[in-house]
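Participant: this one's structure only:
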């Protein structure tokens with residue numbers, strides 16, 4: 001058995017690509033439009049490792065998606081949690097649980113999917129502005 005991907009439904013594919021690709025730094029593996037089914041699939045993965053992917057499913061007909069804590073979150077290991085959070089902020093993403101400990105942070109996608117970021121290896125030494133930053137919203 002091999003893990004392939006996690007699928008999340010998105011309401012605005014372009015906004016989601018800006019988040020996952022541009023802000024989070026994932027790369028697009030492939031995009032597939034299915035006109036007969038009226039949906040588009042976009043598969044993304046971490047650069048250089050396509051073994052685990054996220055599938056963004058955009059249904060062309062408007063739907064309202066409600067989230068629940070039962071989904072949990074997506075988690076990504078990052079080389080530098082501070083640099084990752086700075087890049088996300090530069091793209092207008094709110095850091096809901098800042099990496100005060102140099103190890104873990106949480107953000108949300110445009111469709112309110114919770115994303116956990118974990119520092120690769122040992123935690124980085126605590127640093128500003130993260131140390132004094134409070135949690136905001138829910139993550």
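Facilitator: Perfect, thanks for sending it. Not measured: the values here are computed from a predicted model.
Participant: the strands in this structure, which residues?
Facilitator: Listed in chain order, the strands of the chain (DSSP state E) span residues 5-9, 27-34, 39-46, 49-59, 74-78, 104-108, 114-119.
Participant: ranking those by burial, who's on top?
Facilitator: strand 104-108 (a mean of 21; mean count of other C-beta atoms under 10 Å). In short, each C-beta sits where N, CA and C put it, glycine included.
Participant: tell me the confidence at residue 65?
Facilitator: pLDDT for residue 65: 74.
Participant: same thing with residue 69?
Facilitator: Residue 69 carries a pLDDT value of 48.
Participant: in the sheet, who's paired with residue 28?
Facilitator: Beta-bridge partners of residue 28, counted by DSSP bridges, are residue 44.
Participant: so what's it up against?
Facilitator: Contacts were defined as C-beta atoms under 8 Å, 6 or more residues apart in numbering; by that measure residue 28 touches 17, 21, 42-44.
Participant: returning to that earlier point: closest one to residue 129 among the strands of the chain?
Facilitator: When these are ranked by distance to residue 129, counting by C-beta to C-beta, first place goes to strand 104-108 at 12.6 Å.
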